[in-house]
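Participant: Sharing a sequence plus its predicted fold:
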Amino acid sequence: MKKVLTIAGSDCSGGAGIQADLKTFAAHGVYGMSVITSLTAQNTTGVYGIMNCKKGFTASQIDAVFEDIRPDAVKIGMVSEPYIVEEIAEELRKYKAVNIVLDPVMVSTSGKKLITKEAEEVLIKKLMPLATVITPNIPEAESLSGITINDRYDMEKAAEIIYKKININDEGPAVLVKGGHSINCANDYLYTEIGTSWFEAERVDNPNTHGTGCTLSSAIACNIAEGYSVKESVARAKEYITGALKAGLNIGKGSGPLNHMYVLDK
Ligand SMILES: Nc1ncnc2c1ncn2[C@@H]1O[C@H](COP(=O)(O)OP(=O)(O)OP(=O)(O)O)[C@@H](O)[C@H]1O
Ligand SMILES: Cc1ncc(COP(=O)(O)O)c(N)n1
């Protein structure tokens, strides 16, 4: 069985973060492990508190995992503070971790800022270059590229700018700009060293989209662990997220979670 690690924040209401990641891992039939960077007090209506891991403890958790069970892929989600980003980068370099999927979580669906400006800078400089693929949504891609995104062409331009900003000597990550924040469609665009692709999907009419980004990046990590290429991994993850949105749940008073137990036919 493949082993996949998530390094992310906890969502006590179970829709996003570590909890969404572990449910996605289970639905993909891989063995899931978790390193928790922050505890959040949140639910489907908002994020009401954040308590970050104290200095050194994210690194201790990563040591505990890698010294015993080497993951086949690593997903990285919410990382609020620069010292946590530094610890993760140092540890992943130390263990020569591979197959890293980084979701640059910046703002929650409910509007709460989940990363400091300083942490964002360290994320770009030290962690993104270690990744295989990064998965910004439209506002995150605007922040990373410095351009405003209004249409498909802007998504393509932003992906290329981000790719060129992070890839020194073509050794950095592919860039997947997610289109979940578009109005009429849910098309995602992938820019890699060997080519570009659009992943087109109908927009599912479902207000319960809490944790879609966490779920998509975790599904990509599972597929990469299983040996699929980045392009195939994104295609399968896209099918999974669309299915999980369609399979719909209606839990909580706000933007609720997906149905993670939707399982793709192998
Ligand atoms: N209503 C929808 N119908 C179909 N697919 C969707 C919908 N909303 C989001 N998606 C898909 O879900 C994935 C996550 O995209 P999105 O842009 O929502 O990420 P995100 O903003 O990081 O997610 P999160 O809500 O966790 O912050 C993408 O593949 C996107 O196309
Ligand atoms: C711990 C954690 N990680 C990530 C998100 C982003 O997910 P969303 O944008 O759906 O709120 C979140 N709300 N909480």
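Facilitator: Alright, I've got the coordinates. A quick note: this is a predicted structure, and the numbers were derived from the prediction, not measured. Ligands and ions are numbered 1, 2, ... in the order given.

Participant: Every contact and neighbour count from this point should use C-alpha atoms.
Facilitator: OK.

Participant: which parts of the stretch 151-266 of the chain sit against ligand 2?
Facilitator: Residues of the stretch 151-266 of the chain lying close to ligand 2 (C-alpha under 6 Å from any ligand atom) are 210-212.

Participant: ok, which of these also contact ligand 1?
Facilitator: Under the cut-off given by C-alpha under 6 Å from any ligand atom, ligand 1 has 210-212 from these close to it.

Participant: Can you name the next helix or strand after the longest strand seen in the chain?
Facilitator: Identified as the longest strand of the chain according to DSSP state E is strand 31-43. Beyond strand 31-43 on the C-terminal side, the first helix or strand identified by DSSP states H and E is strand 46-52.

Participant: tell me which strands and helices the longest strand of the chain is in contact with?
Facilitator: strand 3-11, helix 17-27, strand 46-52, helix 57-66 (3 or more C-alpha pairs under 8 Å, 6 or more residues apart in numbering; DSSP states H and E).

Participant: list the contacts for the residue of the stretch 1-150 of the chain at minimum distance from ligand 1?
Facilitator: The minimum distance from the stretch 1-150 of the chain to ligand 1, using C-alpha to the nearest ligand atom, falls at residue 137 (4.4 Å). Applying C-alpha atoms under 8 Å, 6 or more residues apart in numbering to residue 137 gives the contacts 177-181, 213.

Participant: For the nearest residue to residue 148 once chain neighbours are set aside, give me its contacts.
Facilitator: Nearest residue to residue 148 in three dimensions, chain neighbours excluded: residue 142, at 5.6 Å (C-alpha to C-alpha, 6 or more residues apart in numbering). By C-alpha under 8 Å, 6+ apart, residue 142 lies in contact with 148-149, 158.

Participant: so residue 13 makes contact with residue 43?
Facilitator: Yes - using C-alpha atoms under 8 Å, residue 13 is in contact with residue 43, at 5.0 Å.

Participant: Between the two, which has more neighbouring residues?
Facilitator: More crowded of residue 13 and residue 43, by other C-alpha atoms under 10 Å: residue 43, with 22 against 17.

Participant: before we move on, the earlier item: distance of the residue of the stretch 1-150 of the chain closest to ligand 1 relative to residue 7?
Facilitator: Taking C-alpha to C-alpha, to the nearest Å as the measure, residue 137 falls 19 Å from residue 7.
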